[in-house]
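Asker: I need the structure of the sequence given here:
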Amino acid sequence: MEQIDIGDELRNLVVERKRNKKMYLRVKEDGTLYVTCPRYVREQEILSFILEKQEWIIKVSKKETKKNRYLLDGTNRKEACWLGKIYPVEFILSKQKFMSVEEDKIIFYLPEVSDDSIQEIFYRTGNLQLKLMVEERRKDWDNHICLVNHRRLPSITLKYMTSRWGSYSPMTHHISLS
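Answerer: Below is the predicted model of the structure:
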């Protein structure tokens, strides 16, 4: 695997030669650059293509880093994102599994510190918090949206979705929140 310097940072470069007409560049989550190009393209042309797209690569990488920062769940043992704010995390060994969000930190109480148990308690607590937030606002939403427009009240469920915040099915009157 080759490496290339983009924006004062060494990045891995993977070149895949195929039977296509154009050259394509993708930036993966870990910062690796994937170039797909025709078989006849020289190495120098690939490098100049990447250097042309240097600003775009840096912009996409910053966007990806920002996105990943909001997906922190404490498994990195340093920080977690709770309701859009980043908190440092602490771990305390305990017989019960629960999580406490304080003003300046998140404390995990766990029998053992493992990625699976951290994620389980983080998402379970997140689901409970989201249910409470939905129930608080549900009457207002029902009055403003459904009753005014003579619509049936929707059912609301929670599920973990990576690509969006939620979805609505008009035929079944069902809302899914992430």
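
Asker: quick one: the strands in the protein, in order.
Answerer: 2-5, 10-18, 24-27, 33-38, 79-82, 85-93, 98-101, 106-110, 155-158, 166-169, 174-177 (DSSP state E).

Asker: Throw those into JSON lines and include mean neighbour count, thanks.
Answerer: No exception for glycine: its C-beta is placed from N, CA and C like everyone else's. Shown next, in JSON lines, are the strands of the chain (neighbours: other CB atoms under 10 Å):
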{"stretch": "strand 2-5", "mean neighbour count": "12"}
{"stretch": "strand 10-18", "mean neighbour count": "14"}
{"stretch": "strand 24-27", "mean neighbour count": "15"}
{"stretch": "strand 33-38", "mean neighbour count": "17"}
{"stretch": "strand 79-82", "mean neighbour count": "19"}
{"stretch": "strand 85-93", "mean neighbour count": "14"}
{"stretch": "strand 98-101", "mean neighbour count": "15"}
{"stretch": "strand 106-110", "mean neighbour count": "19"}
{"stretch": "strand 155-158", "mean neighbour count": "14"}
{"stretch": "strand 166-169", "mean neighbour count": "12"}
{"stretch": "strand 174-177", "mean neighbour count": "16"}
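
Asker: between those strands, which one is closest to residue 117.
Answerer: Residue 117 lies closest to strand 106-110 among these, at 5.2 Å (CB to CB).

Asker: strands paired with the closest one, and their directions?
Answerer: Take DSSP bridges as the rule and strand 106-110 pairs in its sheet with strand 85-93 (parallel), strand 98-101 (antiparallel).

Asker: just give the nearest non-adjacent residue to residue 115, would you?
Answerer: residue 75 (4.6 Å; CB to CB, 6 or more residues apart in numbering).

Asker: also residue 127?
Answerer: residue 158 (5.3 Å).

Asker: spatially central residue for this protein, please.
Answerer: For the chain, residue 71 is the residue whose C-alpha lies nearest the centre (CA atoms, centre = their mean; 4.4 Å).
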